[in-house]
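[1] Any chance you can model this:
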Amino acid sequence: MQGQKRTIFARIISMIGSWWGMTLVTLLILLLHPLSTVKWFQFVLWVLVPVLASEFFKFIVKRKRPAMRGETAIVKTYNYSFPSSHVVAAVMIVFWVFLVPEVRWWSWLLLLWPIAVGWSRVRLKAHDLIDVIGGVIFGLVCGILFKYFG
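    Now for the predicted structure:
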């Protein structure tokens with residue numbers, strides 16, 4: 001039963017880390033802290049461009065997911081696995097929140113989000129740990145590039 005509870009918790013975390021989950025979190029932040037249209041446009045680009053780049057990178061690396069290697073995934077998976085785009089998006093959101101003074105206080109709440117999302121993706125056998133670590137590194141590199149060159 002203990003493992004089943006962890007799996008349910010992992011599913012919830014993974015859903016929050018999905019596209020619709022991130023959209024809901026973003027809308028919650030927007031409702032609590034209205035920001036200029038320019039900052040929200042930057043936010044969308046800040047998350048969308050690295051996630052799309054990570055999806056492109058997956059087709060270069062072509063690392064198979066656990067399910068593609070015969071393991072039983074607990075969630076549906078698509079395409080290749082390295083780096084984890086869920087984790088890339090979570091890292092980029094946290095990075096952006098740290099840089100925007102109006103919403104910076106959310107950063108402490110969101111700081112563990114990439115770790116939780118990564119744990120959930122491994123727990124659900126959608127990714128291996130190396131995919132999650134790659135997602136963190138990919139997100140951090142993109143965040144630094146965006147901060148200094150974006």
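
[2] Low-confidence ranges, the protein, go.
    1-3, 19, 106-107, 150 (pLDDT under 70).

[3] and if we set it to 50?
    1 (pLDDT under 50).

[4] what are the ranges of the helices in it?
    Secondary structure of the chain (DSSP state H): helices located at 2-16, 19-32, 37-61, 85-99, 106-110, 113-123, 129-149.

[5] Nearest approach to Arg69 belongs to which of these?
    The closest of these to Arg69 is helix 129-149. By CB to CB, the value is 12.4 Å. C-betas here are computed from N, CA, C, even on glycine.

[6] The closest one to helix 85-99, inter-axis angle?
    30 degrees (axes from the mean of the first three to the mean of the last three CA atoms, to 10 degrees).

[7] Which strands or helices does helix 129-149 pack on?
    helix 37-61, helix 85-99, helix 113-123 (3 or more CB pairs under 8 Å, 6 or more residues apart in numbering; DSSP states H and E).

[8] Out of these, flag the one nearest Ser14.
    With CB to CB, the closest approach to Ser14 among the helices and strands packed on helix 129-149 belongs to helix 113-123: 4.2 Å.

[9] any residues touching the closest one, and which ones?
    6-7, 9-14, 16-17, 74, 84, 86-87, 90-91, 93-94, 127-129, 131-133, 135-136, 139 (CB atoms under 8 Å, 6 or more residues apart in numbering).

[10] Make a ChimeraX selection of the buried ones in those residues.
    To isolate in ChimeraX the members of the contacts of helix 113-123 that are buried, counting by 16 or more other CB atoms under 10 Å, one can use:
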select :10,13,14,16,17,74,84,86,87,90,91,93,94,127,128,131,132,133,135,136,139
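
[11] Please identify the most buried of the helices and strands packed on helix 129-149.
    Neighbour counts (mean count of other CB atoms under 10 Å) averaged over each of the helices and strands packed on helix 129-149 peak at helix 85-99, with a mean of 24.

[12] list the helices and strands it packs on?
    By 3+ CB pairs under 8 Å, 6+ apart, helix 85-99 packs against helix 19-32, helix 37-61, helix 106-110, helix 113-123, helix 129-149.
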